[in-house]
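**Student:** What shape does this take:
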Amino acid sequence: MDITQIDHGFVSDYDFWLRSVRKCGNNTAVKYLKNFKKIIHLCMAHGWITKDPFLGYKTKIKAVERPYLTKEEIQISMKRNSYQIG
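**Tutor:** All right, here's what the predicted structure looks like:
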């Protein structure tokens, strides 16, 4: 695909594809879009494209609460790993 063909619609479709086909969660999809945006801005800096397809496109990282392992879960994991090591 030619870089000049990338427009706002392509970015929106890419976001949808990441979330639906690739089954990415919100934060993963946002990470991929941010990396893609860096590439687009690099292309603009080199003059390869003149219009920013991300203009007006907003993404937001959602806070994720990660549970901690219980003491028992840590002990079970340590026992499993000691069998694999020894």
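**Student:** State the number of residues packed around Cys43.
**Tutor:** For Cys43, the count of nearby residues is 16 (other CB atoms under 10 Å). C-beta: built from backbone N, CA, C; applies to glycine.
**Student:** who touches it in this structure?
**Tutor:** By CB atoms under 8 Å, 6 or more residues apart in numbering, the contact set of Cys43 is 3, 49.
**Student:** and the regular element (helix or strand) spanning it, how far from the chain's centre?
**Tutor:** Here Cys43 sits within helix 26-45, counting by DSSP states H and E. Distance, stretch centre to chain centre, for helix 26-45: 9 Å (CA atoms, centre = their mean, to the nearest Å).
**Student:** can you pull the buried residues of the next helix-or-strand element following that helix?
**Tutor:** Under the assignment DSSP H and E, the closest C-terminal helix or strand after helix 26-45 is helix 71-85. Buried residues in helix 71-85, counted by 16 or more other CB atoms under 10 Å: none are found.
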